[in-house]
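Enquirer: heads up, no residue letters with this:
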């Protein structure tokens, strides 16, 4: 909100952009860890029960707070709240009640891919192949057609962060081979090239 300024916090707040890469990297590790030994349905139920009730509570609390105390700086509507029940509110023509919820949509797409790979028997035993194909698709899209559908479907803007988290998971599982370390260096370079300055 441009009308809200806290200049005395600027020297600390300038690093806030790092929260998203760290969050997605941690998510790559945690989701791989939580998917281990689960069925696709079990994984989906576990993710839904852990994420959605908290999201619903926080989103509704934000909605009520804006409705009661928002004044002229913040606006919200019941249609917006109803669209946010489905998390991806912009797909229903409404904005997020809290703009940070865009990251949940990215998370849900990642969960869907993990569930699909569990169903195909590829996760976690084929993490190397998954990461390599994923990043190849990302690079190809970014350097050629730059199609929005590929960016959204393969979460291309953030794939490097999730990939690093998956590699940390592999290391945690006891993997120490040279191939893992070479991937780590390559993905570190990808994150530096693709990340925001």
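Expert: Yep, it's here. What you see is a predicted model, and the numbers here were worked out from it, not measured in a lab.

Enquirer: so which elements touch the host helix or strand of residue 26?
Expert: Following DSSP states H and E, one finds residue 26 within helix 19-35. If you count contacts as 3 or more C-beta pairs under 8 Å, 6 or more residues apart in numbering; DSSP states H and E, helix 19-35 packs onto helix 40-69, helix 102-119, helix 159-172. Where you see a C-beta, it was placed from the backbone N, CA and C, and this is true even at glycine.

Enquirer: need the winner for burial among these.
Expert: Across those, averaging neighbours per residue (mean count of other C-beta atoms under 10 Å) puts helix 159-172 on top, at a mean of 22.

Enquirer: avg pLDDT for that helix?
Expert: Summarised as a single mean, pLDDT over helix 159-172 is 94.

Enquirer: now for it, which elements pack on it?
Expert: Short answer (3+ C-beta pairs under 8 Å, 6+ apart): helix 159-172 packs on helix 19-35, helix 127-143, helix 178-194.

Enquirer: ok, back up a step: in a markdown table, list the helices and strands packed on helix 19-35 along with distance to residue 149.
Expert: Below are those laid out as a markdown table (distance: least, C-beta to C-beta, whole Å):
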| stretch | distance to residue 149 |
| --- | --- |
| helix 40-69 | 23 |
| helix 102-119 | 12 |
| helix 159-172 | 15 |
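
Enquirer: quick check: which of those helices is nearest to residue 148?
Expert: Counting by C-beta to C-beta, residue 148 lies closest to helix 102-119 out of the helices and strands packed on helix 19-35; the figure is 13.6 Å.

Enquirer: domain ranges for this structure?
Expert: For the chain, automatic domain parsing gives the domain ranges 37-120, 124-192.

Enquirer: and the ones you listed as JSON lines, adding distance to residue 24?
Expert: Shown next, in JSON lines, are the domains of the chain (distance: least, C-beta to C-beta, whole Å):
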{"stretch": "domain 37-120", "distance to residue 24": "7"}
{"stretch": "domain 124-192", "distance to residue 24": "4"}
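
Enquirer: rank the ones you listed by pLDDT, which is bottom?
Expert: When those are ranked by mean pLDDT, domain 124-192 comes last with a mean of 85.
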